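S.K.: I'll drop the sequence and a predicted model, then ask my questions.
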Amino acid sequence: MSENPATPEPSPAPEPGTAAESGTAAESGSPTEPGPTAAPRAVAEPGPAAGPKAVAEPGPAPKPATPAKPATPMFPDGTGPAADPAGSHHERRIRSFQPRRSRVSPGQADALRRLWPKWGLDIDGLSRIDLDELFEGRPVVLEIGFGMGEATAQMAAADPDTGILACDVHTPGQGNLLGLAERNGLTNIRVANGDAIILLREMLAPASLAGLRVYFPDPWPKKRHHKRRLIQPEFLSLATTRLAPGALVHCATDWEPYAEQMLEVLSAEPTLENAYSGYAPRPDFRPFTKFEGQGLDKGHVVHDLLFRRRPA
């Protein structure tokens, strides 16, 4: 029979100041003496109950937005040239011009208001123009693009027996030309506002024109814009139907590539014949224009082209 293991005698309690007192429990192997009891955490006493959140009183209801007023037309009720005389009743297509409603001077506005009902017409494409009645029996030349009208007024003064139907979309130029006509007693000028293509196609009778003038049209120099140039085969196919036999087509430009295109297109039109071999010398009846001067200042060469409508 095995002997019972001896019961270990209890170790003497460590003296004060021994390792057990100064070390940790793990080092001494003795249980840790309980430290002073930690005071319970203070619990904040509930403050006064928060009242209900203040709700902002509704302010006055916002005013409804005022609708924008429609733009007041420069010349309401037919007192001057319309902004878009053909409106939406004609097709939208590539145009050779851009409407320019730049600043109109007081004198130009006064001339438009007083003289437009007498000497102006909108190209609306809705009715045929009686040129005999409009110009009192004179032969009529159509001028497409007249700028400020100085050259047109000079030609009208030099040839009072020929009527000039001057077509443009530049409002200040329209007012300036009407003022020039009044001051110089020129009764053989009428100003047409709008698209010359619609004028030719819808409002002028076949073989009704004694001539066509296109002086210094926009050259649209960029290649992608060449399709906007006025002098194109399609334009001439239309315009020549409105020219009487023997009518003179006179074009002028200071843009060399456009002059070459004009000569090519005009020469290819079977109803026209060149009055000269190639470019024409500058005729005396064409006045010097501001656009011509600008081109010459830049070193450009001005070319004139003169073609006649062949007999039918």
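M.R.: Now that the structure is in, tell me what you want to look at. None of the values given here were measured: they were computed from a predicted structure.
S.K.: Shouldn't A239 be within a helix?
M.R.: Yes - under DSSP: H, G, I helix; E, B strand; the rest coil, A239 falls within a helix.
S.K.: What's the separation between it and L204?
M.R.: 10 Å (Cβ to Cβ, to the nearest Å). Where you see a C-beta, it was placed from the backbone N, CA and C, and this is true even at glycine.
S.K.: Ok, S127 next?
M.R.: The value you get for S127 to L204, if Cβ to Cβ is used, is 11 Å.
S.K.: Can you pick out the residue with more neighbours from these two?
M.R.: Using other Cβ atoms under 10 Å as the criterion, S127 and L204 rank with L204 on top: 21 against 8.
S.K.: dump the residue contacts of that one.
M.R.: Contacts for L204 (Cβ atoms under 8 Å, 6 or more residues apart in numbering) come out as 128-129, 131, 142, 242.
S.K.: Max pairwise distance over those: which two?
M.R.: Pairwise distances across those peak at 14.7 Å for R128 and L142 (criterion: Cβ to Cβ).
S.K.: which of these two has more neighbours?
M.R.: Ranked by neighbour count (other Cβ under 10 Å), R128 and L142 place L142 first, with 26 against 10.
S.K.: Could you tell me which ranges of the chain sit under the pLDDT cut-off?
M.R.: 1-73, 76-78, 88-102 (pLDDT under 70).
S.K.: just checking, what's the longest strand in it?
M.R.: strand 243-253 (DSSP state E).
S.K.: in it, what's buried?
M.R.: 243-244, 247-253 (16 or more other Cβ atoms under 10 Å).
S.K.: After it, which helix or strand is next?
M.R.: Toward the C-terminal end, the helix or strand that comes next after strand 243-253 (DSSP states H and E) is helix 256-268.
S.K.: just the angle between that following helix and strand 243-253, please?
M.R.: Orientation of helix 256-268 against strand 243-253 (axes from the mean of the first three to the mean of the last three Cα atoms, to 10 degrees) gives an angle of 160 degrees.
S.K.: Residues touching helix 256-268, excluding its own?
M.R.: Outside helix 256-268, the residues that touch it by Cβ under 8 Å, 6+ apart are 217, 219, 221, 226, 229, 231-233, 236, 249, 251, 253, 272, 274, 278-279, 300-301, 303, 305, 307.
S.K.: Export that helix to PDB, keeping only CA atoms.
M.R.: C-alpha atoms of helix 256-268 as PDB (Å, rounded to 0.1, in the frame of the first residue of the first chain):
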ATOM      1  CA  GLU A 256      -9.100  85.600-106.800                       C
ATOM      2  CA  PRO A 257     -10.300  82.000-106.200                       C
ATOM      3  CA  TYR A 258     -13.900  83.200-106.200                       C
ATOM      4  CA  ALA A 259     -13.300  85.100-109.500                       C
ATOM      5  CA  GLU A 260     -12.000  81.900-111.000                       C
ATOM      6  CA  GLN A 261     -15.100  80.100-109.900                       C
ATOM      7  CA  MET A 262     -17.400  82.900-111.200                       C
ATOM      8  CA  LEU A 263     -15.700  82.700-114.600                       C
ATOM      9  CA  GLU A 264     -16.000  78.900-114.800                       C
ATOM     10  CA  VAL A 265     -19.600  78.900-113.700                       C
ATOM     11  CA  LEU A 266     -20.800  81.800-115.900                       C
ATOM     12  CA  SER A 267     -18.900  80.300-118.900                       C
ATOM     13  CA  ALA A 268     -20.600  77.000-118.400                       C
END
